[in-house]
Structure formats: C-alpha cells, structure tokens
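# quick one, what's the 3D model for this:
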Amino acid sequence: MYNGKSIALPFNFSILKWAADTRQILDNAQLPSSVGFYNIYGTSFDSPYDVCYGSETSPIADLSEICHTMPEYTYVDGDGTVPAESAKADGFAAVARVAVKSAHRELLKDKIVLQLLKQWLGVSDNSQHSMSSSKVMDVSVEPIPIELATRDLL
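Predicted coordinates for the structure are as follows:
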C-alpha cells in the first residue's frame with residue numbers, strides 16, 4: 001500500500017537466481033588449513049526456522065501472489081534472528097563451537113563472548129605490556145574452563 005493505493009510488486013527472479021548463485025559459492029567455500037575457525041552462536045530465543053505461504057489445500061500458483069499473502073512461521077531455538085542449527089551449519093571444521101544464551105546483537109557485548117575471544121586470542125591476565133603474552137593486545141581476563149570453550153552446548 002502506498003498513499004492508500006495497492007501497488008502490485010512482481011516477484012524478482014533475478015534476485016532469486018542471485019541468491020541461488022551465492023548459495024552455491026558459499027557451499028563450495030573452503031578455509032585454508034592454516035586458518036582456525038571458531039563459532040560462537042546465540043541460543044534461548046525463538047528464532048524463525050521456516051516460512052510457509054499458502055497451504056497444502058490452498059497452494060500459491062503464481063509466485064507474485066507471495067506479495068499479497070500473510071506467511072506462517074515456525075520457530076526454533078536460536079538468537080532470535082538465526083536458528084542455532086543454522087549458525088552451526090557453516091560446513092567448516094571448527095576448533096570450537098560455543099552456544100551462548102544471548103540474542104543476535106547482544107552477542108557483541110556479552111561478557112562470556114568477550115572472555116572466549118580473549119582466551120582464543122591468547123590474551124593473558126598476567127601480562128604487563130609484553131607483546132609475547134598476546135596475539136593482539138594485553139588486558140585482564142578471567143579464564144573460561146577449556147571444556148566450556150571446546151564443546152557444543154546444544
């Protein structure tokens with residue numbers, strides 16, 4: 001609706017093709033063996049898992065009808081935006097995968113996430129501006145038990 005008028009929006013097949021091509025590129029991506037991959041993902045929030053337009057008894061015949069149909073969502077555990085299952089489905093051999101009870105954007109300021117990053121980067125709480133104690137910088141950090149940092153909590 002725009003200024004009280006209904007404007008038909010056509011389904012954009014070029015965007016669909018672009019998304020499919022991007023998916024193929026991501027599916028074929030590989031990390032160099034020298035790169036360590038770590039995965040932190042959020043849990044404990046309902047996150048959209050799938051969406052259904054139409055139904056088995058009343059399917060959508062023309063894709064342009066999607067623009068005028070209310071979808072029904074199914075929810076699963078995740079960070080409120082990304083399902084935990086999807087966040088772990090990167091296809092990489094992770095050094096560690098850790099679930100943190102946090103919402104999508106709040107992960108960026110979560111104290112456990114910061115502690116994990118410091119631990120994985122080798123930041124030591126005993127350092128006194130020694131470049132050899134950290135891969136990035138010297139700050140204080142409380143160590144997280146290694147079993148927490150290396151197991152999948154889901």
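
# residues in contact with the longest helix seen in the chain: which ones?
The single longest helix within the chain, with elements called by DSSP state H, is helix 13-28. Here helix 13-28 makes contact (C-beta atoms under 8 Å, 6 or more residues apart in numbering) with residue 91. Yep, even glycine has a C-beta here, placed from its N, CA and C like the rest.

# strand partners of the following helix or strand past it, parallel vs antiparallel please.
Toward the C-terminal end, the helix or strand that comes next after helix 13-28 (DSSP states H and E) is strand 37-43. When pairing is defined by DSSP bridges, strand 37-43 lines up against strand 94-101 (parallel).

# report the buried residues of the longest helix of the chain.
Residues of helix 13-28 include none that count as buried (16 or more other C-beta atoms under 10 Å).

# strands of this structure, start to end?
Using DSSP state E, the strands found in the chain span residues 37-43, 45-52, 72-78, 94-101.

# tell me the most buried of those strands?
Highest mean neighbour count among the strands of the chain (mean count of other C-beta atoms under 10 Å): strand 37-43, with a mean of 19.

# what's next to it, contact-wise?
Residues outside strand 37-43 that contact it (C-beta under 8 Å, 6+ apart): 31, 77-80, 82, 84, 87-88, 90, 92-104, 106-107, 113, 116, 120, 153-154.

# related to what we said a few turns ago, out of the strands of the chain, nearest to residue 8?
Taking C-beta to C-beta as the criterion, strand 45-52 is the member of the strands of the chain that comes nearest to residue 8, at 20.8 Å.
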